[in-house]
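Undergrad: Any chance you could fold what I've pasted below:
(chains A, B, C, D and E, ligands or ions: 5)
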Amino acid sequence: MTTEDTSSLAAESLSKSFGGVRAVDDATVRFVPGKINAIIGPNGSGKTTFLNCVTGMIRPDSGRVSLRGKEITRASPDRIVRLGLGRSFQACRIFPRMTVTENLLVPVRNRSVRTLLGKAHDDATVRRAQLWLQRLGIDHLHGVEARDLSFGQQKLLELGGVLMSEPEIVILDEPAGGVNPSLIRWISALIQELNAEGRTFVVVEHNMELVMTLSDHVVVFDRGRPIASGTPAEVQADPRVLEAYLGV
Amino acid sequence: MSLSSTGAVPSRRAPRQRSRPIRACWRHTLASESPPNLLELDRIEAGYGHAALVLRGLTITVPRSTIVCLVGPNGAGKSTVLKVASGMLHPRGGTVRLDGHDVTRHGPQQRLRAGLAHVLQGHSVFPEMTVGENVRLGAYTVPDRATVATRVQFVQHLFPVVSEQWDVLAGLLSGGQQKQVEFARSLMIDPKVVLLDEPSMGLDPKATATVFEQIERMRDTGTAVLLVEQNARRALQTADIGCVLDLGRVHMSGPAPELLDDPELSQLYLGGHVAG
Amino acid sequence: MPRLLGTGTLGALAILVLSFPFLTDTGYLLSTGVFILNYALMATGWNFVGGFTGYISLGHAAYWGLGAYATAIMITRLDMPWYLALVTSAAAVAVIAVPVGIAALRVRGASFVIVTIAFVMILLLVFQSWAGVTGGSSGLMVPRAFDVLRTQHHQIFFYLYAAALALTLLVWWAIDRSRFGMGLKAIREDEDKARALGVPTYASKLVVFVLSAFFTGLAGGLYALWFGDLDPVFQFSILMGAYMVLMALLGGIRELFGPVLGALVVGVSVEYFKSEFGDTQFHLVATGLLLALVVLFMPEGLIPWLRGLFQRFGPRASSIREVSAGELAEQVEREHAVDEPGSRS
Amino acid sequence: ACGDGDAESGDDTIEIGISLPLTGDFSEPGEGVRRGYELWAEMVNEEGGLLGRRVELNILDDQSNADRVVADYEALISQDEVDLVFGPFSSRLVLASARVVDEYGMLFVEPAGASEEIFEAGYDNLFYAAPAVADDHYNYLFDYIMEMPEEERPDSVAYASMDDPLAQGTAYGLKDKLEEAGIETVADEVYPPNTTEFSGIAAQLAEADADLLVGGTQYQDAVNLIVAVQQLDYQPRMAAFSTAPTLPEFSEALGDDVEGILAPTGYSAAADYPTNAEFVERIAERYDGRIPSEDEANAFTTGQVVQAAVEAVGCAEQGECQQKLIDWLHENTVDTVVGPLSWDEAGRPDSAHFIQQHVDGEPEIVLPEDQATADFIDVKPEW
Amino acid sequence: MSGGLFLQSLILGVLLGGLYALMAAGLTLYFGVMRVVMIAHAAFLVLAGYLAWFFTTRTGLDPILSLAVTVPAFFVLGVGIRRLLITRLKPATMTMMSVLLTFALALVIEGLLGFTFTGVQRRIRTGYSSANFEIFGAQVAVVKLIAFVLAVVALGSLWFVLKKTSLGQALRATIQHREAAELVGIDTDKVAGYGFGIGLATAAVGGTALALDATIYPSLHWHWIGPMMAIIVVGGLGSIPGAAMAAMALGIIHAFLQVPLGATWAQTVFYVALFGTLMVRPQGFFGGRLAQRF
Ligand SMILES: Nc1ncnc2c1ncn2[C@@H]1O[C@H](COP(=O)(O)OP(=O)(O)OP(=O)(O)O)[C@@H](O)[C@H]1O
Ligand SMILES: Nc1ncnc2c1ncn2[C@@H]1O[C@H](COP(=O)(O)OP(=O)(O)OP(=O)(O)O)[C@@H](O)[C@H]1O
Ligand SMILES: CC(C)C[C@H](N)C(=O)O
Ligand SMILES: [Mg+2]
Ligand SMILES: [Mg+2]
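TA: Ligands and ions are numbered 1, 2, ... in the order given. A predicted model of the protein is given here:
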């Protein structure tokens, strides 16, 4: 693959089918480095499955995924994270029996034995976690067991977990789902800041308002393959998109 | 006991006539000479385990063929309200009345039989049963096969997923598809009162539209709908009455349109007017 | 407070343990003491897997038995010196645990439990049938390591066990506080999520699994040297495995000293039950009831339960948003002013 | 009779510690041994006790577990501080307990540790209170078979044995001799203790269809094995099993099917040794007219052996007394209900076992001829 | 091996396999419908066996008649156990904790059996205990045949209840999402109770069938736990037809292996099969795949 920008993520004709269902069907996607990419598409169009293939959670049947020109198709999820790719889950996943802070202490990208055997609760890390919680507006809950959080709070916490691993590329599966509109605004502000710091974003979202205001580049999925891509404006104008997704 | 409680209703109403905005929600419903309230939550105090209270003396009433929409920050207690209403969580104080009868002590099944349905937030399909089984189970309490059959057809027509994926294990569906199945399942009965916890979460625009259509349909067929939505604008556009919940109290309430135009509200709870 | 409590327990335990042999000289009490230490070592060893990853192994007796037989065979067949045999066999057990772990850790929950049961069952059959090497059902006699009176023999092994236990606890503690440990606990909570956050789940599980086997095997080796008579039915029994779980659970699997405390309680009561209801099967009933009570009423274990009692009176963290949306808005605005955690990568 | 140490061992009593398999694999013979011990104690006490002190038995149940039996003797000796110990039942448990007793330096006379391993371990404090060690249990039967005329002599043998020192000891003791004599082994099955499913083994025995079936058994396994081969309709011409046929439960479990089944036994009710008559009589009155079983006899023998030593040496407590008792037994011969016993330095008795056969439903001694109470049935009736 | 022995082993294998199938079916039922690993299942089998034995020795009637008492009794017992014990477990930790809880149950049962009936091994002796008839030169033991028939009947009715009644569905819904199940109007308590009751009822039948032709003693259940667990994993946790088929297959293989390998080594076939399954197909060969995704 041609040498590209340091944080380029691309998928070459990925396919994944489950029994009969072709969840992802020969999808080729190049995400714009350093920008906020959005993926939209009807329910069941394969967005999440596509992300699962990209992040190594499931093995694609065919096709290849590359990060900074390096192939990562068969790499294990944890290795991919270490390469700087962080992702959040749609049905939000947190560690129920851990406190909010501990939830953020889990991700460790450095694999050296010294780091691993080092103290988990060391001050620097804990302070960093605290700052993230503040930016997400849930720092007052730091001592609470995650299972006691409300749904939206859990979504925020999950986002925090992803950000703690300081990924260069952040993949978010419906970060705004079930989140209060005001918080959505803060989240999008946060995303923009982090993007300004040079992180690439890939956001799957059904909240069109958010997608249109936030993203620089939009990919539209339908029946497992990208049917259109471009700036929000372009995409919004595209008849295929209107027909397949917006349904107006 | 149902007698005494119904008897108690009018006497209780009197003092609340002149009450602070916290009861506004309820007062408003009186104003619009609407039929008796199907669901009444009266000065509810509730919390989880030993932890502090989540709901602190909250009062909400939902009249027949009305959509009351609860909006509020995450963790305000919206889902908790619904759990209390459906009997999944027993309040520490206050009373729950269903069609005038005190059901505070009743469990979910009793309230279901009394005509109250609750669609949970997040995923509540039966993951290892097919979409078909899931939908049919929605009509578990409906004895008449014919009715079930017609309703199945109805939801299949509403949500293509249901018919297309009829034999797929529900747990394997995509997030949005699962929500659609859940909603379809809730349409298998026609209850007097429906509690919907963020039905449009994770749905694509088309499905969202369908869902809101159905909510309106329910309202028009006389159902009382208590709707929790984070997609607040959309929700308030559909709803008759809006209640803003914060810190476990009714922070503000009134006719949905009024709330929509309230600047302070839209700033704090509706995320302002997202430019663009 | 908890730190203080911890060190307190530690000191108390240490003193109690080390002074025990001087408090009694009847061989029976001594041997009971040794047996309880053996339990404690096994349970703590078990807790490397059970406690950190939440994978419940009912077949851990397998490693105990393997350690015991390996030591015995090395001494009798290869006539190694006892200390060499002890260490080598523990290591050997760890090596054996690698392939087993690779196979067993592929599955979670019930399947895992069943696999561990199956493993101990296989070993039982093998060690019963392979009489040429293992002595079959007639068991295996281990020559005495030290030529001393029986009571002294007990005393020596009491201290050997105590040392091994101390070592094991140290390692557990080190992992518990480490980032590695945090990853393991994440696995216990939600394995897939942990992977997605960069925890190398499979490797981590395997590491603790092998460690666990090692220390359990060590316990076995010591047992062989101390008790001196191995019987497959006893060495490879699910019951023994269940005792390990019971003890760890009773004390609290998230606690450093949980298994030790559990071992003390179970060990004492089992010995008591056996001597009380010796020739009836009543000790089983008693043990069963104990296990049931723990599972039903203090699934978190004794230590957390006690701690809970204290905290009942102390202040508790409330999970409610105590800030209204308004305040939160301002606060967040402020956040944007202060330094960006995101910038330090 | 369980482990509560309240049996105060003052000067006026002699407390004897015993661990027995009252439950589990060996429970039937275990119970037999207990009956033997208790009868002995009763009779001694009637006579005014040992050295004028009452005898008290402190019996624990080891559930047929090797680990329990060790713990039991440890407790009995160090905790309850008993004055003497008697052995448990069956070689497996004797093997395990011999060491702990030895390390406390106590005399260990045992009724049921017949297998060679025990004596090879070389404990000088151990004595097996029965006529012969396991390997020699079948000696008379072997001689008899050899004297049979060619055409009647079984020319194929099938062995099925529990993986247990005694059981295998007896069966393989015979196997070695027969093979040496050129009689072909057509099947040789070994099963672990606690096996309950015998149909597979039976299928092969039936397939081999040997003339002589030898079972190295304890109790229940013998019953199950026999029923299993019956279900496959295998009819050997001769069948010999260890231990089980010497127990009263055996014929209760199998009814008439026991007819003609052979077994080695260390005891004959008919033998006219001193004290035997009285022993038989006492058993009869205790257990409605039944003749003593081997295990009752061996247990009683154990008592007699220890009694002889104690009375000769004149002491019975822990400490150097025990060594005196041991030394005395090494020097002397003791008259018992199984005949005069003396031992080699490892504790092996040096006489021979009888061969018993169920004739008309009763266990009779058929070998050796001079002791026989009934004639040997050459061809076993169908079972 | 000779033709005669081959046929003989085959017959023994099939008859035994039928019994395994019934035992495993009960075990997999608990898991399939409520994620409970019922370690005590084997103990209940032995209990039923003892009751049958006790019944026969006391009344002198045929042990099979004891089913009239034990089956309903065990059903009620099952409902009770579920009510009083299982419900107290947190759904999150259900699988793990149920292992331990039912393990405790097994110990208690074993203990009580030993306490009341002593550890002495028992065997039911009926007129037909050693009866047998011949087909193609191979012998078929009457008792084994009866046990087999019992197993088949029980399995059949089990299948009917779960497939042809709404109970089956309600059961599965209950375990998969309790709250949701209640919200669609299922009486989750009652339903799960029935599930457990049925499971134990199968144990009653299985135990009686077992006791017809085997010795029973309190600690016997340990010998069954291993093979049965292996069977239900190979068959696919929760899949009753899977368990039945795996049981039959392994039963036959076991019978054949006994000839060359002998009793003990043959036993390992169950565990070898188990590990094999994990390597090739962790979810088992017939098991409905669990709906897990991210
Ligand atoms: N593990 C699986 N097994 C079987 N089918 C699956 C699996 N995962 C996904 N699918 C199917 O693949 C299709 C795409 O699912 P996916 O979750 O990727 O959709 P999506 O675009 O994320 O939808 P949504 O917007 O609702 O999240 C769906 O039809 C789903 O049923
Ligand atoms: N199971 C529980 N145990 C303890 N506390 C809980 C539990 N569920 C919710 N809470 C707490 O109760 C408060 C209200 O929770 P609730 O789920 O009702 O909020 P919500 O309004 O539904 O928020 P969201 O919009 O995010 O769903 C939250 O602060 C939460 O921390
Ligand atoms: C002859 C028998 C009493 C021998 C005893 N059964 C033993 O195990 O050695
Ligand atoms: Mg998705
Ligand atoms: Mg909510």
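Undergrad: ok, so what distance separates the closest residue to residue B:257 other than its chain neighbours from residue B:247?
TA: Spatially, and ignoring its direct neighbours in sequence, residue B:257 is nearest to residue B:236 (7.7 Å; CB to CB, 6 or more residues apart in numbering or on different chains). Yep, even glycine has a C-beta here, placed from its N, CA and C like the rest. Using CB to CB, to the nearest Å, residue B:236 is found at 20 Å from residue B:247.
Undergrad: Could you check which of these two is surrounded by more residues?
TA: Shown here are residue B:236 and residue B:247; by other CB atoms under 10 Å in any protein chain shown, residue B:236 has more neighbours (26 against 20).
Undergrad: Run through the residues that contact the more buried one.
TA: B:69, B:71, B:242, B:256, B:257, B:259, B:260, B:270 (CB atoms under 8 Å, 6 or more residues apart in numbering or on different chains).
Undergrad: Then residue D:270?
TA: Per CB under 8 Å, 6+ apart, neighbours of residue D:270: D:365, D:371, D:373.
Undergrad: Please report how far it lies from residue D:370.
TA: 11 Å.
Undergrad: Which one of the contacts of residue D:270 is nearest to ligand 2?
TA: Among the contacts of residue D:270, residue D:365 lies closest to ligand 2 (CB to the nearest ligand atom), at 79.6 Å.
Undergrad: Please identify which helix or strand holds the closest one.
TA: Element membership for residue D:365 (DSSP states H and E) is strand D:362-367.
Undergrad: for that strand, packing partners?
TA: helix D:139-147, strand D:262-265, strand D:354-359 (3 or more CB pairs under 8 Å, 6 or more residues apart in numbering or on different chains; DSSP states H and E).
Undergrad: now do 6 Å
TA: Applying 3 or more CB pairs under 6 Å, 6 or more residues apart in numbering or on different chains; DSSP states H and E, we find strand D:362-367 packed against strand D:354-359.
Undergrad: Do the strand it packs on and ligand 3 come into contact?
TA: No: counting by CB under 6 Å from any ligand atom, ligand 3 is not contacted by strand D:354-359; separation bottoms out at 10.7 Å.
Undergrad: which residues are contacting that strand?
TA: D:140-141, D:258-259, D:261-263, D:265, D:268, D:363, D:365-367, D:374 (CB atoms under 6 Å, 6 or more residues apart in numbering or on different chains).
Undergrad: Most neighbours of all those residues, which one?
TA: residue D:263 (30 neighbours).
Undergrad: Dihedrals phi and psi, the nearest residue to that one once chain neighbours are set aside?
TA: The spatial neighbour of residue D:263 that comes closest, neighbours along the chain excluded (CB to CB, 6+ apart), is residue D:245 at 3.7 Å. With angles defined as degrees, to the nearest 10, residue D:245 sits at phi -60, psi -20.
Undergrad: wait, residue D:245 sits on residue D:262?
TA: No: between residue D:245 and residue D:262 there is no contact under CB atoms under 6 Å: 7.5 Å.
Undergrad: Below-threshold pLDDT in the chain: ranges please.
TA: Looking at chain A here, since you left the chain open. A:1-7, A:247-248 (pLDDT under 70).
Undergrad: that's the wrong chain, I wanted chain D
TA: Checking chain D against pLDDT under 70 turns up D:1-10.
Undergrad: State the helix or strand in which the closest residue to chain B within it lies.
TA: Closest approach between chain D and chain B, counting by CB to the nearest CB: residue D:197, at 36.1 Å. Using DSSP H and E, residue D:197 maps to neither a helix nor a strand.
Undergrad: So what's the residue count around it?
TA: Residue D:197 has 21 nearby residues by other CB under 10 Å.
Undergrad: Nearest residue to it in space, please, no chain neighbours.
TA: Closest to residue D:197 by CB to CB, 6+ apart is residue E:214, at 6.7 Å.
Undergrad: where do the helices sit along chain B?
TA: Secondary structure of chain B, counting by DSSP state H: helices at B:2-16, B:24-31, B:78-86, B:108-113, B:131-138, B:145-158, B:160-164, B:175-186, B:205-220, B:232-238, B:256-261, B:263-268.
Undergrad: oh sorry, the question was meant for chain A
TA: A:47-54, A:77-82, A:100-105, A:113-117, A:123-136, A:151-164, A:181-196, A:208-214, A:232-237, A:239-241.
Undergrad: closest one to residue D:14 among those?
TA: helix A:113-117 (62.9 Å; CB to CB).
Undergrad: So which bits of that closest one are buried?
TA: residue A:116 (16 or more other CB atoms under 10 Å in any protein chain shown).
Undergrad: And the contacts of it?
TA: Contacts for helix A:113-117 (CB under 6 Å, 6+ apart): C:178, C:179, C:180.
Undergrad: Is it possible to mark the buried ones in those?
TA: Burial by neighbour count, 16+ other CB under 10 Å: within those this picks out C:178, C:179, C:180.
Undergrad: Nearest to ligand 5, out of these: which one, please.
TA: Ranked by distance to ligand 5 (CB to the ion), those are led by residue C:179 at 33.1 Å.
Undergrad: Show the contacting residues for that closest one.
TA: If you count contacts by CB under 6 Å, 6+ apart, then residue C:179 has A:108, A:116, A:118, A:120 around it.
Undergrad: could you redo the last one with a cut-off of 10 Å?
TA: A:105-108, A:110, A:114-122, A:125, C:199 (CB atoms under 10 Å, 6 or more residues apart in numbering or on different chains).
Undergrad: which of those residues lies closest to ligand 5?
TA: residue A:106 (24.8 Å).
Undergrad: wait, doesn't that closest one sit right on residue C:180?
TA: No: the pair residue A:106 and residue C:180 does not pass the contact test of CB atoms under 10 Å, sitting 11.1 Å apart.
Undergrad: Need the overlap of contacts for these two.
TA: A:120, C:199.
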